[in-house]
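>>> I'd like to go over a predicted model; first the sequence, then the structure.
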Amino acid sequence: MKIGPVKEVFKNLFKKPMTVMFPEEVVEIPERNRGRHHLDIDNCISCGSCAKICPNRAIRMIEAPPDFKEKYPKTYPQVDLGKCCFCALCEDVCPKDALTLTTNVFLATFEKEDTYVNPIEV
Amino acid sequence: MTSVKKKYDASDFEMFFGPAHPGSGNFSVKVEMRGERVLKATADPGYLHRGFEKLMEYREPMQNSVLSDRVCVLEPLQWNLVHAEAVDDLMDYDVPERAKYIRVILAELSRIQSHFIWYAVLSLGTGFMTGFNVAMGYRDYILDVFNLITGGRVYPAGYICPGGVRKDLPENAEKKILAVLDKIEYMRKFASTENLAWLSRFKEVGILTKEEAIKYGATGPILRGSGFVTDVRREDPYEIYDLLEFDIPVHDEGDAYSRFRVGMEEIEESMKIITQALDRLPEGEVRTPTLKPIVQFRKANGETYIRNELSRGEGAFYMVATGEKTPYRVKIRGPSFSHMIPILERLLTGVNYADVPAIYWSLYQCPADVDR
Amino acid sequence: MAAIEQEKTDLVEVLSSELDASITLKKERRMWVEIDSKKIVDVCLKALQLGFEHLSTISAVDWLEEGRFELVYHLWSYKYRTSLNIKTKIDRNKPSISSINSIWDTYAETCERECHELFGINFEGNSNLTPLFLEDWQGPPPFLKDFNWREYTLKEHYKEENPREQVYFEVKK
């Protein structure tokens, strides 16, 4: 009998597993990871470049909710994550760095409305 | 005896290998059989046809760059590179030196992880589940590096874009790449050890001669597995490949095992390229600054044909621009197109049904770039 | 090696005289030639004899305004390390050209099948022109420039305008 496989078995017995136990432990997510969008509405100049470059047309320029209309009179990007392919072209094209992609990757949801990233979260 | 023979003759039947077969991918082969013997095989692609060539006519080059990842799931960075080179050539961009090095490093890492998947599906085909799990596990270390650099594990979303790359390497990237090379070395040794299961399943199975391989349009590891020394990186150098030293592994037998050996030896060459490129990595810009972030494609006029050495073979882009915002016509040549239709049909004729999986996976299939 | 280099410099002249057409060298290792569509089999055979062994692919371009299809045969020579792109134009209304399956066998046939399916080009002498990708496709060839995919899907698959599609047409390019 060859000794090689036996050695391998013992080596693997005491090795740290490749996987992690999810809710307790989380794999470290790098800074560049393309996750959920975040809009810094005060910086947004409503130029619409993000809506133009989006390959999937996931971004729509919409008006702010009625309560905020006085403060924010222009149109602002609303991202439909159901259509988004997370290419971060909108982030690159934004002249004021108002629209950014965060490292938040936990996007599973039960409600369809939750897939929209609105300019103002009510 | 005659009655048995008669019965045997009556047992002509058709079998479908895929698309629901585990590991066959979105691809199907209709096999006409007599008993255990395959009489005729007909490849049936089209389960993954997404019409990229048509889609690209409606989009601007930066958006196409994002789209070009999706041509093949297993080597998205390399498809990114082919597309970016085609646009670079039409627009006459001067790609900065540093960007060229980063492109090559990422393309070679992508080649290695693609070869790991090849090892994984070959193991799956022979029922060697340990090999499958280990290869997929070690591939994940490379995906971590991709996540660090490009921001996506599998899809870089146009990281290698026209005019350079979208972002510079992060600070700790070089250290991470060197650390991952150690992991790759372990996996390479694991994959290169002689294995009785491999030898008995793949030796002298699916022999493709050199002349046939050239006639049927074979490229890459399949052609090198038939004993023909060729490599697009050497013969038609792009980026910085003419400055780098690497060997071209070749095996003469032309059977499934020699194709697999070529693939595993290529991992070592890719590692050599990565270490050389990391050593020489210059400082500077990573993207032509004037064009950030939109490509002024209206300036482009003419046509170009760009060939690259992907992990599966020769991948190419034919792009025609007529001074519009979008390309007039894009043609993508996937390496698996010749391997999966004419060569597979040819190799499967007359073999035992038990050899079908071995031949199928030894051709390094990727249904995604057959259909596009 | 030096001999091959020498041959390579002569290659443009040799090809020009052999193929009876003018070769343009657009950049290093890329040669383009335009020929008459009737001569395609002869030219490909001559190219093969000169060392262009590898057929990379066949691309079709639909020039709608001109009313012609353009077929491009991308060849590669392992010996001279250069590519030869043979361009030829055929009539758009009666697209027909001789098949080169006598030279590159089933691989050429497969490439031609693709062109036949997506552009409707007929290849004379190719007996196997069954569709590759599209299943039960009744409409016109989908890659033609005048094929309105939106109209087609509306007619075939939807009864009315899909409100969810609206956003795709809000932004003007």
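On my side now, so go ahead. Numbering: from 1, shown residues only, chains lettered A, B, ... in the order given.

>>> confirm that C:Leu25 sits in a strand.
Yes. C:Leu25: assigned to a strand according to DSSP: H, G, I helix; E, B strand; the rest coil.

>>> in three-state terms, how would the residue nearest to it when sequence neighbours are not counted be classified?
Spatially, and ignoring its direct neighbours in sequence, C:Leu25 is nearest to C:Met31 (5.6 Å; Cβ to Cβ, 6 or more residues apart in numbering or on different chains). Any C-beta I mention is one placed from the backbone N, CA and C, and that applies to glycine too. C:Met31 carries the three-state label strand when classified by three-state DSSP.

>>> contacts only, for C:Met31.
By Cβ atoms under 8 Å, 6 or more residues apart in numbering or on different chains, the contact list for C:Met31 reads C:Val12, C:Leu15, C:Ile23, C:Thr24, C:Leu25, C:Thr82, C:Ser83, C:Leu84, C:Asn85.

>>> which of those sits closest to chain B?
Looking at the contacts of C:Met31 and their distance to chain B, the nearest is C:Asn85, at 5.9 Å (Cβ to the nearest Cβ).

>>> who in chain C is up against chain B?
Residues of chain C lying near chain B by Cβ under 8 Å from any Cβ of the partner chain: C:29-30, C:53-57, C:59-62, C:72, C:74, C:76, C:78, C:81, C:83, C:85, C:104-107, C:109-110, C:118, C:131-135, C:142-143, C:149, C:173.

>>> can you flag the buried ones in these?
The neighbour-count test (16 or more other Cβ atoms under 10 Å in any protein chain shown) marks C:29-30, C:53-57, C:59-62, C:72, C:74, C:76, C:78, C:81, C:83, C:85, C:104-107, C:109-110, C:118, C:132-133, C:142-143 as buried among the residues of chain C next to chain B.

>>> so where's chain A uncertain?
A:1-2, A:4, A:122 (pLDDT under 70).

>>> around chain C, pick out the residues from it.
So chain A meets chain C at A:Gly48, A:Ala51, A:Lys52, A:Arg57, A:Arg60, A:Asp80 (Cβ under 8 Å from any Cβ).

>>> narrow those residues to those in strands?
A:Arg60, A:Asp80 (DSSP state E).

>>> can I get the residues of chain A next to chain C in a markdown table with neighbour count and distance to B:Gly125?
What follows is these, written out as a markdown table (neighbours: other Cβ atoms under 10 Å in any protein chain shown; distance: Cβ to Cβ, whole Å):
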| residue | neighbour count | distance to B:Gly125 |
| --- | --- | --- |
| A:Gly48 | 16 | 51 |
| A:Ala51 | 20 | 47 |
| A:Lys52 | 18 | 47 |
| A:Arg57 | 17 | 41 |
| A:Arg60 | 20 | 47 |
| A:Asp80 | 16 | 41 |
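
>>> now, among the residues of chain A next to chain C, which is nearest to B:Glu314?
Nearest to B:Glu314 among the residues of chain A next to chain C, counting by Cβ to Cβ, is A:Arg57 at 34.2 Å.

>>> rewinding a little: who does the residue nearest to C:Leu25 bridge with?
C:Leu25, C:Leu84 (DSSP bridges).

>>> could you pull out the strands in chain A for me?
Going by DSSP E, chain A shows strands at A:37-39, A:59-63, A:75-80, A:99-101, A:116-117.

>>> what does chain B put close to chain A?
Residues of chain B lying near chain A (Cβ under 8 Å from any Cβ): B:59-60, B:62-63, B:66-67, B:137, B:140, B:147-152, B:157-158, B:166-167, B:170, B:292-294.

>>> please check those residues and keep the buried ones.
Buried members of the residues of chain B next to chain A, counted by 16+ other Cβ under 10 Å: B:59-60, B:62-63, B:66-67, B:137, B:140, B:147-152, B:157-158, B:166-167, B:293-294.

>>> in helices only, show me those.
Using DSSP state H, B:Met62, B:Gln63, B:Val66, B:Leu67, B:Gly137, B:Asp140, B:Asn147, B:Leu148, B:Ile149, B:Thr150 are the members of these that sit in helices.

>>> now the residues you listed as TSV including pLDDT?
Listed next are these as TSV, based on pLDDT from 0 to 100:
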residue	pLDDT
B:Met62	85
B:Gln63	86
B:Val66	89
B:Leu67	88
B:Gly137	88
B:Asp140	89
B:Asn147	89
B:Leu148	89
B:Ile149	89
B:Thr150	88
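
>>> count of neighbours near A:Ile62?
Residues contacting A:Ile62 under the criterion other Cβ atoms under 10 Å in any protein chain shown number 13.

>>> can you check the one 4 residues further on too?
The local packing count at A:Pro66 equals 7, with neighbours defined by other Cβ under 10 Å.

>>> same thing with the one 3 residues further on?
Residues near A:Lys69, counting by other Cβ under 10 Å, number 11.

>>> what sits against it?
A:Glu63.

>>> for chain B, just list every one of the strands.
Using DSSP E, strands in chain B cover B:12-17, B:28-34, B:37-44, B:160-161, B:164-165, B:301-309, B:314-322, B:329-333.

>>> could you list the paired strands of the last one along with their orientation?
Just to be clear, that refers to strand B:329-333. Here, using DSSP bridges, strand B:329-333 pairs with strand B:314-322 (antiparallel).

>>> what angle do the partner strand and strand B:301-309 make?
Relative orientation of strand B:314-322 and strand B:301-309, computed by axes from the mean of the first three to the mean of the last three Cα atoms, to 10 degrees: 170 degrees.

>>> give me the residues contacting strand B:314-322.
Applying Cβ under 8 Å, 6+ apart, the contact partners of strand B:314-322 are B:78-79, B:82-83, B:85-87, B:90, B:219-220, B:232, B:297, B:300-309, B:327-335, B:369, C:56-57, C:59, C:61, C:72, C:74.

>>> do the same with stretch A:16-31
Residues outside stretch A:16-31 that contact it (Cβ under 8 Å, 6+ apart) are A:Gly35, A:Thr103, A:Val105, B:Gly137, B:Asp140, B:Asn147, B:Leu148, B:Gly151, B:Pro170.

>>> now, which of the residues you listed sits nearest chain C?
Using Cβ to the nearest Cβ, A:Gly35 comes nearest to chain C of the contacts of stretch A:16-31, at 22.4 Å.

>>> could you measure from the residue of chain A found nearest chain C over to B:Leu148?
Nearest to chain C, among the residues of chain A, is A:Arg57, at 4.8 Å (Cβ to the nearest Cβ). Distance of A:Arg57 to B:Leu148, computed by Cβ to Cβ, to the nearest Å: 30 Å.

>>> please apply the same query to B:Gly25.
28 Å.

>>> so where's chain C shaky on pLDDT?
Applying pLDDT under 70 to chain C picks out residues C:1-9, C:164-165, C:167-173.

>>> any idea which residue is closest to the centre of it?
Compute the mean C-alpha point of chain C, and by Cα atoms, centre = their mean the closest residue is C:Ser59, 2.5 Å away.

>>> skipping adjacent residues, who's closest to that one in space?
In space, C:Ser59 is closest to B:Lys331, 3.8 Å off (Cβ to Cβ, 6+ apart).

>>> ranges for the strands of chain C?
Going by DSSP E, chain C shows strands at C:23-27, C:30-35, C:54-63, C:68-77, C:82-91, C:96-98, C:122-124.

>>> in a markdown table, list the ones you listed along with distance to C:Pro163.
Converted to a markdown table, the strands of chain C look like this (distance: least, Cβ to Cβ, whole Å):
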| stretch | distance to C:Pro163 |
| --- | --- |
| strand C:23-27 | 48 |
| strand C:30-35 | 48 |
| strand C:54-63 | 32 |
| strand C:68-77 | 38 |
| strand C:82-91 | 42 |
| strand C:96-98 | 44 |
| strand C:122-124 | 41 |
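
>>> so which of the ones you listed is nearest C:Glu161?
Using Cβ to Cβ, the strands of chain C put strand C:54-63 closest to C:Glu161, at 27.8 Å.
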